[in-house]
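Trainee: Mind looking at a prediction? Sequence and model below.
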Amino acid sequence: MAQRTGLGKGLDALIPGGSDQQKSTAGTGNATQVSLVAVSRNPRQPRVHFDSQKLKELTESIREHGVIQPLIVSPNKDGTYTLIAGERRLEASRKAGLETVPVVIRQASDREMLELALIENVQRDDLNPLEEADAYQQLVEDFNLSHDEIAKRVGKSRSAITNTLRLLNLKAPQSRQALVDGQISEGHARALLGLASPDAQDAALQTIINLELSVRQTEALVRKLGGEKLAAKRKVSTSPDVSDIERRLRESLGTKVSLRHGSKGGSMTIHYYSDEELDALLERLLNE
């Protein structure tokens, strides 16, 4: 998989020499062997779920060849270490019965440990959408980072961060699990946010799965269930120019934008779905 732009720069910004340290992970000089029991997992690690089959394969590989890529850890005052990056390697090393593991030691604050763990997982596509959203929310709540600042650190667009954070508003348990399991996409999940109650979201979910609805079809279903009349035939069809402007605004702002245009003027409606999203939109619009 091609590396996303911005990720390497994010590592450099967090820990001096971060990119060089990543390149030297073959264990040729910078790595130190430490007791496995002295390494504890990062309490801010956003990743919760592991693919059991991939973890089993990694365990077998480590049992036969050892840990090829060192873990990155931060030292504690009592002589132990807190893991910064390498959660899956740590777990597989324990399952393989290793007594020591190779590590690269770096000083890191709580925020840096969260950011580095998030960057590593995002780079490898290791997080499910809700884990990723939870990690972004930690950066917002605990460290007062804006959506733009998070976007720069993980190499994504600001609108992608905002859209991912919107997933936290999905409260329906079955719908959340379906998103984690990959039964529905993030687009489906965001469409379900148009239904007010978790019960209504889960009821719509069954229709989406049973009929294999697309995101656009799901949006239409949500409008119908929410009481909105489905696209009654417009007397005047939307011109291609207006549709193109709506699309560009939607991509730029990361949310639904409706434009009504006539010969004597018109109006533009920008939709938002939470206080946090409103704040992000205001910050972007007023600063620009």
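Mentor: Received it, and whenever you're ready, just let me know what you need.

Trainee: Please count neighbours and contacts with C-alpha atoms only from this point.
Mentor: Fine.

Trainee: So, low pLDDT: which residues of this protein?
Mentor: Along the chain, the parts satisfying pLDDT under 70 run over 1-29, 43-51, 117-126, 227-238, 274-276, 288.

Trainee: domains for it, by residue range?
Mentor: Domain assignment for the chain, taken from automatic domain parsing, gives 7-121, 171-225, 240-287.

Trainee: ok, what's across the strand from the residue nearest to residue 71 when sequence neighbours are not counted?
Mentor: Closest residue to residue 71 apart from its sequence neighbours, by Cα to Cα, 6 or more residues apart in numbering: residue 103 at 4.6 Å. Beta-bridge pairing for residue 103 (DSSP bridges): residue 32, residue 71.

Trainee: Beyond the host helix or strand of residue 137, next helix or strand please.
Mentor: Assigned by DSSP states H and E, residue 137 belongs to helix 129-143. Downstream of helix 129-143, the first helix or strand assigned by DSSP H and E is helix 147-154.

Trainee: what packs against that next one?
Mentor: With contacts taken as 3 or more Cα pairs under 8 Å, 6 or more residues apart in numbering; DSSP states H and E, helix 147-154 sits against helix 7-14, helix 110-123, helix 129-143, helix 158-166.

Trainee: Show me what counts as buried in the last one.
Mentor: Pointing back at helix 158-166 there. 158-159, 161-166 (16 or more other Cα atoms under 10 Å).

Trainee: right, and residue 148 touches residue 158 too?
Mentor: Yes. The pair residue 148 / residue 158 is scored as a contact, 5.2 Å apart, by Cα atoms under 8 Å.

Trainee: Alpha carbons of stretch 91-110, in CSV - could you do that?
Mentor: Taking Å, rounded to 0.1, in the frame of the first residue of the first chain, the C-alpha atoms of stretch 91-110 are listed here in CSV:
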residue,chain,number,x,y,z
GLU,A,91,0.8,-9.2,21.8
ALA,A,92,2.3,-11.8,19.4
SER,A,93,5.6,-11.9,21.3
ARG,A,94,3.7,-12.7,24.5
LYS,A,95,1.8,-15.5,22.7
ALA,A,96,5.1,-16.8,21.2
GLY,A,97,6.5,-17.1,24.7
LEU,A,98,9.5,-14.7,24.3
GLU,A,99,11.3,-13.4,27.3
THR,A,100,12.8,-10.3,25.7
VAL,A,101,12.0,-8.1,22.7
PRO,A,102,14.0,-5.5,20.7
VAL,A,103,13.0,-2.0,21.4
VAL,A,104,13.9,1.5,20.3
ILE,A,105,13.6,3.9,23.3
ARG,A,106,12.2,7.4,22.8
GLN,A,107,11.0,10.0,25.2
ALA,A,108,7.3,10.8,24.5
SER,A,109,4.5,12.7,26.2
ASP,A,110,1.0,11.3,26.6
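
Trainee: Can you give me the buried ones in it?
Mentor: 92-96, 98, 100-106, 108.

Trainee: ok, and what's touching it?
Mentor: 15, 21, 27, 30-37, 44, 55-56, 58-60, 62-63, 67, 69-75 (Cα atoms under 8 Å, 6 or more residues apart in numbering).

Trainee: hang on, the earlier thing: which members of the buried residues of stretch 91-110 are positioned in strands?
Mentor: Members of those lying in strands (criterion: DSSP state E): 100-105.

Trainee: Turn the residues you listed into JSON lines, including distance to residue 114.
Mentor: What follows is these, written out as JSON lines (distance: Cα to Cα, whole Å):
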{"residue": "100", "distance to residue 114": "24"}
{"residue": "101", "distance to residue 114": "22"}
{"residue": "102", "distance to residue 114": "21"}
{"residue": "103", "distance to residue 114": "18"}
{"residue": "104", "distance to residue 114": "17"}
{"residue": "105", "distance to residue 114": "16"}
